[in-house]
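K.L.:
Sharing a model prediction with you, sequence too.
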There are 2 protein chains.
Amino acid sequence: MKQINASIITIGDELLIGQTIDTNSAFIAQELNKIGVWVRRRVAVGDAWDDIWQALDEESQLADIVIITGGLGPTADDITKPLLCKYFGGNLVVNEDVLKHVKYLFEQVYRRTGIMLERNLKQAEVPDVCTVLHNARGTAPGMLFKKGGRVTISLPGVPHEMKGLMTDQVIPRLLKEFEMPVILHRTAFTSGAGESMIAEHIKEFETALPSHIKLAYLPGYGMVKLRLTAKGDTKSTLEKELNDQFEQLKSLVKQWLVTDTDENLEVVIGRILKEKNKTVATAESCTGGYIAHLITSVAGSSAYYKGSVVSYANETKENILGVPHSTLLSAGAVSEETVTQMVKGAIEKLNTDFAVATSGIMGPDGGTQKKPVGMVWIAAGNKEKVVAKEFHFRFDRERNIRQTAHTALDFVRKFIIANS
Amino acid sequence: MKQINASIITIGDELLIGQTIDTNSAFIAQELNKIGVWVRRRVAVGDAWDDIWQALDEESQLADIVIITGGLGPTADDITKPLLCKYFGGNLVVNEDVLKHVKYLFEQVYRRTGIMLERNLKQAEVPDVCTVLHNARGTAPGMLFKKGGRVTISLPGVPHEMKGLMTDQVIPRLLKEFEMPVILHRTAFTSGAGESMIAEHIKEFETALPSHIKLAYLPGYGMVKLRLTAKGDTKSTLEKELNDQFEQLKSLVKQWLVTDTDENLEVVIGRILKEKNKTVATAESCTGGYIAHLITSVAGSSAYYKGSVVSYANETKENILGVPHSTLLSAGAVSEETVTQMVKGAIEKLNTDFAVATSGIMGPDGGTQKKPVGMVWIAAGNKEKVVAKEFHFRFDRERNIRQTAHTALDFVRKFIIANS
């Protein structure tokens, strides 16, 4: 079966001066991949007519499917729609369905915040050579063009509008339009070993992989994901083959394996706690609420998470978590004694089965010779027992915070498994 | 003066299946922009020899500077180095300085976590036709190639290593290599009006802008940044021109202006609090620690931030923040009464001058007809007074959390300014 290739073009000067991080491409790539479309290239260009035109020309030569995002907003720096109209040889006409939808949104949904302007109504103008894709979440419609066996789709750049359109409109239409090969992924999530060490450990396995199954190393904060990707024609055969290889891989990395699903740590912990019907709390100094944010980013986390005391100031550690003043004086905020007390205080004050605590120096300032930037104490415990460990990270502030948060999540995950 | 153009090529299958979000390109683009280099295109390709080669060929035709990231790690899926070696007609040779550095890192810095392997030593192999750029933060060196007046630079994909190399090595070398035009930016940060409404309001100003000064709208969570970009030869002339235009713009959007610097809200609030020598605390339900995370992501925030009570469970709101049980029963967790009590509790328990509180329904579940998904109460106050307001957002869970956090930061910013 022919491999269907896609290119993603993102439009906007904000991408080229680095003011916006492109998260749209990642989502689009994920969705295309799930249905067996291989994204071969992603290109970002500015709000310049010639550059957009050239990107369209080039990507159309490489790809069966071209997906464009951005450049459809109501303001004057947007030139994508007229360009697409000319590129595909059409004329801009008012689409009555879109017009009705724009009016409905302003009259019913945005009435608290927005006033409908002439430029909003202009969003109902679309090239007469495209199929309009209904954007339930906003005013700018998606547009689908066909030319020479290729499909070109233009989507608004607002992430949640783009996401709705991809799921509701783009994917179902592509599935009708193309016959897809099968692409399957399996991901093993490891923690505790670096990329090189794992690679060395599974060298023979990797060399022996058949050519249609590929291994990729995806390092993250304190962990490495190992992804096997298989490509073929028959789902059942491919699935069996991939599963066999994946079981081999799993047994090879058993000592570092967190989970054999492509989930984040906060999802894994949630699942464990729900299964055991237990609750957890956090007491965060240096992570400043980031662990709480990770846990609560999972829908339904209120079933097992009661909250956090972000005790950024020492007096907060004393007043709310009950860390003794003498402990802070003698051992300091970044110490085994303090994080142990923080865990005990959190379990008591938040009335949970488990708690995890962090205290460290994230930088760039605040380090000393005895307690340098990157030094962190993490503790996890239940009502009976608390264990604590010292870590040393060596990154910038942002990364130290993330690394500490993920390490703490893994630390409490291990404690929960070992003690329940 | 000739405009210097750059292209950024990012390499890695993980970018094409959407498992990794590309933050490197944004950073590289920002740094290039600051010195007057215009990034014309960004291209992402997979770990495939032909695709990387083609991208190099194409971008070299468009750009004076090509920056490549990724594909330099120690594992087997990396093919960038041999490809660059062949592309620029060289041979891989061991570089003694890099070898010494790799050994030093493993012996001194990584000794707690890593064991040096053969594949780590291979990172000291570099093409003999490149200039090696010292990577102080990791084992993979940067490489600079010159050909036909163009400069091609390859950097590792690990963000904090790439950042160090950009700042310490790449930028100083590019400044020596090219004569740069002047590019200046000024950014006005507004909140309280949508993109369309602002565009309508400043229509005449925008139309009257000279062709070398451009306006861009950068919408974010509950705010819109307006960026003026000017390009020219003489810095002093250009600066004056840009400043004049920027003053006009500022006075036009005065009612929505948060700040005239390109800063985030958490930085702005920190500055205000430091100036006034005041402190703030947060009490978060639905934002789950995300406000605390934003505030503590700013280095030095311990000077004005004492912490947060992330009261995800109702009993945490009662037990730690002292929200009366009767209030939670009669008005509910998402109510004016509850957020008002949360602010009072936070100021008392965390002993601060100000506090801000959030409670809402972030979705996708948990909504009712009276309290739908996206409904949020936000309160801000000091010891004398608390004000609260109801908001309605209409996004997915992740975006509702971010939108609520940014709205709450702006809400407490206004309260602090009005009440101190």
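P.N.:
Perfect, I can see it now. On a predicted model such as this, the values are computed, not experimentally measured, just so you know.
K.L.:
elements contacting the helix or strand where A:A188 lies?
P.N.:
Per DSSP states H and E, A:A188 falls inside strand A:182-191. Here strand A:182-191 touches strand A:223-232, helix A:235-252, strand A:257-259, going by 3 or more CB pairs under 8 Å, 6 or more residues apart in numbering or on different chains; DSSP states H and E. The way it works is simple: take the backbone N, C-alpha and C, and place the C-beta from them, glycine included.
K.L.:
Could you check how far that strand is from the centre of its chain?
P.N.:
Between the centre of strand A:182-191 and the centre of its chain there are 16 Å (CA atoms, centre = their mean, to the nearest Å).
K.L.:
Output the below-cut-off pLDDT ranges for chain A.
P.N.:
Scanning chain A with the threshold set as pLDDT under 70 gives A:1, A:73-77, A:109-116.
K.L.:
if we can go back for a sec, just the angle between the strand holding A:A188 and helix A:235-252, please?
P.N.:
10 degrees (axes from the mean of the first three to the mean of the last three CA atoms, to 10 degrees).
K.L.:
For strand A:182-191, C-alpha coordinates in CSV please.
P.N.:
Extracted as CSV, the C-alpha positions of strand A:182-191 are listed here (Å, rounded to 0.1, in the frame of the first residue of the first chain):
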residue,chain,number,x,y,z
VAL,A,182,-1.2,0.8,9.3
ILE,A,183,1.2,2.6,11.7
LEU,A,184,1.4,1.3,15.2
HIS,A,185,3.3,2.7,18.2
ARG,A,186,4.1,1.2,21.6
THR,A,187,5.9,3.2,24.2
ALA,A,188,7.8,2.1,27.3
PHE,A,189,8.3,4.8,29.9
THR,A,190,11.5,4.4,31.9
SER,A,191,13.1,6.4,34.7
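K.L.:
Give the pairing partners of that strand; include direction for each.
P.N.:
Note on strand A:182-191: by DSSP bridges, its sheet partners are strand A:223-232 (antiparallel), strand A:257-259 (antiparallel).
K.L.:
what element comes up after that strand heading to the C-terminus?
P.N.:
With DSSP H and E setting the assignment, the helix or strand that follows strand A:182-191 is helix A:195-201.
K.L.:
Whichever helix or strand comes after that following helix vs chain B: in contact?
P.N.:
Where DSSP H and E defines the elements, the next helix or strand beyond helix A:195-201 is helix A:203-207. Yes: contact check for helix A:203-207 against chain B, using CB under 8 Å from any CB of the partner chain: residues in range are A:E206.
K.L.:
Which residues does helix A:203-207 contact?
P.N.:
With contacts defined as CB atoms under 8 Å, 6 or more residues apart in numbering or on different chains, helix A:203-207 is touched by A:A199, A:L215, A:Q248, A:L249, A:L252, B:A76.
K.L.:
and those residues, which two are the farthest apart?
P.N.:
Every pair in the contacts of helix A:203-207 was compared (CB to CB); the two farthest apart turn out to be A:Q248 and B:A76, at 16.8 Å.
K.L.:
which residues are contacting the strand or helix carrying A:S60?
P.N.:
Element membership for A:S60 (DSSP H and E) is helix A:49-62. In this structure, residues lying in contact with helix A:49-62 by CB under 8 Å, 6+ apart are A:5, A:7, A:9, A:11, A:40-41, A:43, A:45, A:66, A:68, A:71, A:79-80, A:83, A:87, A:147, A:150, A:152, B:40-41, B:58.
K.L.:
roughly how far out does whichever helix or strand comes after it sit from the chain middle?
P.N.:
Scanning forward in sequence from helix A:49-62 by DSSP H and E, the next helix or strand is strand A:65-69. On the basis of CA atoms, centre = their mean, strand A:65-69 sits 21 Å off its chain's mean C-alpha point.
K.L.:
and the angle from strand A:65-69 to helix A:49-62?
P.N.:
Going by the same axes, to 10 degrees, strand A:65-69 is angled at 150 degrees with respect to helix A:49-62.
K.L.:
quick one: contacts of strand A:65-69?
P.N.:
The set of residues that contact strand A:65-69 without belonging to it, under CB under 8 Å, 6+ apart, is A:4-11, A:24-25, A:28, A:32, A:37, A:56, A:59-60, A:80, A:84, A:150-157, A:162, A:170, A:174, A:178.
K.L.:
need the residues of the stretch 301-420 of chain A near chain B, please.
P.N.:
A:301-302, A:305-313, A:315-316, A:319-320, A:349-351, A:363-365, A:392, A:394-399, A:401.
K.L.:
Mind checking which of these land in helices?
P.N.:
A:E315, A:T316, A:N319, A:K349, A:L350, A:R397, A:E398, A:R399, A:I401 (DSSP state H).
K.L.:
just checking, the third one touches B:E348?
P.N.:
I take that to be A:N319. No: contact status for A:N319 versus B:E348: not in contact, 9.8 Å apart, counting by CB atoms under 8 Å.
K.L.:
neighbour-wise, which of these two wins?
P.N.:
Residue environment comparison for A:N319 versus B:E348 gives the larger neighbour count to A:N319, 18 against 15, counting by other CB atoms under 10 Å in any protein chain shown.
K.L.:
Count the neighbours of the closest residue in space to that one that isn't next to it in sequence for me.
P.N.:
In this structure, A:N319 finds its nearest non-sequential neighbour in B:K349, 6.5 Å apart by CB to CB, 6 or more residues apart in numbering or on different chains. Burial measure for B:K349: 21 neighbouring residues, criterion other CB under 10 Å.
K.L.:
I'd say B:K349 and B:I320 touch.
P.N.:
Yes: in this structure B:K349 lies within contact range of B:I320 using CB under 8 Å: 6.6 Å.
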